[in-house]
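> Quick one: sequence plus predicted model below, questions after.
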Amino acid sequence: MASLMKTAFDMLSPSLLGMVSGKLGESEAGVTRALEALVPAILSGMIGHAKTSSGLTGLFGMLSQPANAGFLDDLNGLVGGGNLAHGDPKDAAGHMMGALFGDKVGPILSSVGKLAGLKSHESPGHLLGLAGPLLMGLLGKKIAGAGLGEAGLRSLLMDEADEVYAALPAPLAGVLGLASAHAAATASAAATTAAARPPVANDDDDGGPGWLMWVLPLAALVLLAWFALRGKETTAPAKPETEAAAPAVVTSPAATEPVEVPAITNEAPAANIEVNAEAEAALSDIDFSAIPNGADTRLLDFIKSGKEPCTDPDCWFTMDRLTFNTGSATIDMEKSSGQLTNLQMILAAYPSVQLKFGGYTDNTGSEDVNLSLSQQRADAVVNALVAMGVAPDRMVAEGYGSQFPVADNATEEGRAQNRRIDVRVRQR
């Protein structure tokens, strides 16, 4: 029976890969490399969760949903953003990644993009929208078809652990905290391959064990490398449980009209900010110079400047690449995933930072409706980031309705500017 990885890779046909690469503007080779890294990475997270009873229960709950098997019906439609309001497969995969990896999601995607040589830092996230539902569909189909329970799922995953760990690219294994497991699996695979080779003919004897002169030293070197690596690695920390609690709404002074864009600096963060060095290094993969006025760029600059949190106009930043479906609180993830991913990576790099999101509308219609819609939209942003692995207690959301306009509501252009989400730092 083919393994999960082989089955998944077999479903990634040349025509599908060609379509994906064209849609993303990436090379087919780069897309292939990225998926070859994402598939074992996701499976490794599942295996890690299957090792504990609570993790296994949560994983089984995600994978046994009846809708999962249907994810395989339209692989062509899985690339791109999702719809947080309607259970889109891509968002189901995003929730799963948050549950499996927590704040490592950003570094994982950054590592995949770098390993695959992708041109856009948004492409790994789009490819996750293919790889995640693909694996959820495969496992959902196996669970339903074979009537697997939690024990059956654990057995299925653990039987493939060595193959999965060996398939991880070494840099990605390091990000996942699985360098030792990767080295052990690679060593085991190498030793098995060497032992399976037929004896090499020796001109000096009659087919005796002369081939062992080559196999045994090779196996010894591989095992020595493994033990050396194990001596340098520490046990990977337990992955966080899924956090589904809605953030509490905290009232604070509202934003007023933003002032002139502050200058972008490349200075190191202030000494009093907690820094995750690995996640901060991943920020170097984002070309912030290409979005000098973006909320993500300005927010990062504010955090690194050492300024104290405040509610002044220059402490609020309008999310300029975040889009909602008209008249609803449904985020258009196709257009918004890039900025949300940047925010998630910034929060991963600076674990002590807390944010507030303010929702605003124009003055069209009932103020009660506007107030409710603005709250729902601010909540949707928080929920999207929670799905990407950000702890919900690091963010609050508040809707202000049509209060605090930044442009003239008498014009369509002005009303469009007033329909926005602003963000500020609450705590550094």
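Perfect, I can see it now.
> list the contacts for the nearest residue to residue 339 once chain neighbours are set aside?
Of all residues not flanking residue 339 in the chain, residue 321 sits nearest, at 4.1 Å (C-beta to C-beta, 6 or more residues apart in numbering). Backbone N, C-alpha and C define where each C-beta goes, glycine included. Residue 321 is in contact with 291, 294-295, 335-336, 338-339, counting by C-beta atoms under 8 Å, 6 or more residues apart in numbering.
> again, only this time at 10 Å
Residue 321 makes contact with 291, 294-296, 335-340, 342, according to C-beta atoms under 10 Å, 6 or more residues apart in numbering.
> and the next element down the chain from the helix or strand bottoming out on mean pLDDT in the chain?
In the chain, the helix or strand scored least confidently by mean pLDDT, DSSP states H and E is helix 212-232, which has a mean of 47. The C-terminal neighbour of helix 212-232 among helices and strands, as given by DSSP states H and E, is helix 277-282.
> Now the element after that following helix, going C-ward?
Per DSSP H and E, helix 277-282 leads on to helix 295-305 as the next helix or strand towards the C-terminus.
> Same question for that next one: list its buried residues.
Neighbour counts over helix 295-305 (16 or more other C-beta atoms under 10 Å) mark 295-304 as buried.
> What helices and strands are in contact with that helix?
strand 317-318, helix 333-349, strand 420-427 (3 or more C-beta pairs under 10 Å, 6 or more residues apart in numbering; DSSP states H and E).
> With residue 372 as the reference, name the closest of those.
strand 420-427 (15.1 Å; C-beta to C-beta).
> Now name the helix or strand holding the nearest residue to residue 329 once chain neighbours are set aside.
Among residues not flanking residue 329 along the chain, residue 376 sits closest, at 3.6 Å (C-beta to C-beta, 6+ apart). Using DSSP H and E, residue 376 falls within helix 367-387.
> Walk me through which strands the helix or strand following that helix pairs with, and which way each runs.
The helix or strand immediately downstream of helix 367-387 is strand 395-399, counting by DSSP H and E. Applying DSSP bridges, strand 395-399 is found paired with strand 354-360 (parallel).
> now the partner strand: how far from the chain's centre is it?
Relative to the centre of its chain, strand 354-360 is centred 22 Å away, using C-alpha atoms, centre = their mean, to the nearest Å.
> So the residue nearest to residue 417 when sequence neighbours are not counted, which state does it fall into?
Leaving aside its sequence neighbours, residue 417 sits nearest to residue 407 (C-beta to C-beta, 6+ apart; 3.9 Å). What DSSP: H, G, I helix; E, B strand; the rest coil gives for residue 407 is coil.
> Use 28 as the first number from now on
Understood, numbering begins at 28; the last thing we discussed is residue 434.
> I'd say residue 434 and residue 390 touch.
No. Residue 434 lies out of contact with residue 390 (C-beta atoms under 10 Å); the separation is 11.2 Å.
> which residues do the two both contact?
Residues touching both residue 434 and residue 390 (C-beta under 10 Å, 6+ apart): 441-442, 445.
> where does the stretch 228-377 of the chain dip in pLDDT?
228-298 (pLDDT under 70).
> if you set the cut-off to 50 instead, what comes out?
Scanning the stretch 228-377 of the chain for pLDDT under 50 picks out 228-243, 247, 249-294.
> Quick one: the strands in the stretch 78-227 of the chain, in order.
Applying DSSP state E, counting those that start in this stretch to the stretch 78-227 of the chain gives no strands.
> Excluding covalently adjacent residues, which one is nearest to residue 424?
Distances taken as C-beta to C-beta, 6+ apart place residue 405 nearest to residue 424, at 3.6 Å, with adjacent residues excluded.
> same question but for residue 313, I mixed them up
Sequence neighbours aside, residue 148 is the residue nearest to residue 313 in space, at 5.4 Å (criterion: C-beta to C-beta, 6+ apart).
> what about the closest residue to residue 415 other than its chain neighbours, distance to residue 90?
Distance criterion C-beta to C-beta, 6+ apart; nearest residue to residue 415, sequence neighbours excluded, is residue 371 at 4.4 Å. Using C-beta to C-beta, to the nearest Å, residue 371 is found at 23 Å from residue 90.
> Tell me which of those two has more neighbours.
Per other C-beta atoms under 10 Å, whichever of residue 371 and residue 90 has more neighbours is residue 371, with 25 against 22.
> Residue 130 is in contact with that one, correct?
Yes. In this structure, residue 371 is within contact of residue 130 by C-beta under 10 Å, at 7.9 Å.
> residues shared between the contacts of those two?
Common neighbours of residue 371 and residue 130 (C-beta under 10 Å, 6+ apart) are 306, 415-417.
> farthest pair in those?
Farthest pair in the shared contacts of residue 371 and residue 130, by C-beta to C-beta: 306 and 415, 12.8 Å.
> which residues touch residue 29?
35-37.
> Sorry, wrong one. I was asking about residue 40.
Residue 40 neighbours (C-beta under 10 Å, 6+ apart): 46, 102.
> Centre-most residue in this structure?
residue 132 (3.4 Å; C-alpha atoms, centre = their mean).
> residue contacts, that one?
Residue 132 makes contact with 72, 121, 124-125, 152, 155, 368, 371-372, 375, 414-417, according to C-beta under 10 Å, 6+ apart.
> burial measure for the residue nearest to residue 452 when sequence neighbours are not counted, as a count.
Among residues not flanking residue 452 along the chain, residue 336 sits closest, at 4.6 Å (C-beta to C-beta, 6+ apart). By other C-beta under 10 Å, 18 other residues sit near residue 336.
> what does the one 10 residues further on give?
By the criterion of other C-beta under 10 Å, residue 346 has 20 neighbours.
> now it: how far from residue 90?
With distances taken as C-beta to C-beta, residue 346 is found 33 Å from residue 90.
> and which of the buried residues of helix 322-332 is nearest to residue 190?
residue 323 (37.8 Å).
> got the buried residues for stretch 448-455?
By neighbour count on 16+ other C-beta under 10 Å, the buried set for stretch 448-455 is 448-453, 455.
> Out of the shared contacts of residue 371 and residue 130, which is nearest to residue 62?
Closest to residue 62, out of all of the shared contacts of residue 371 and residue 130 and judged by C-beta to C-beta, is residue 415, at 19.7 Å.
> Many thanks, I have nothing further to ask.
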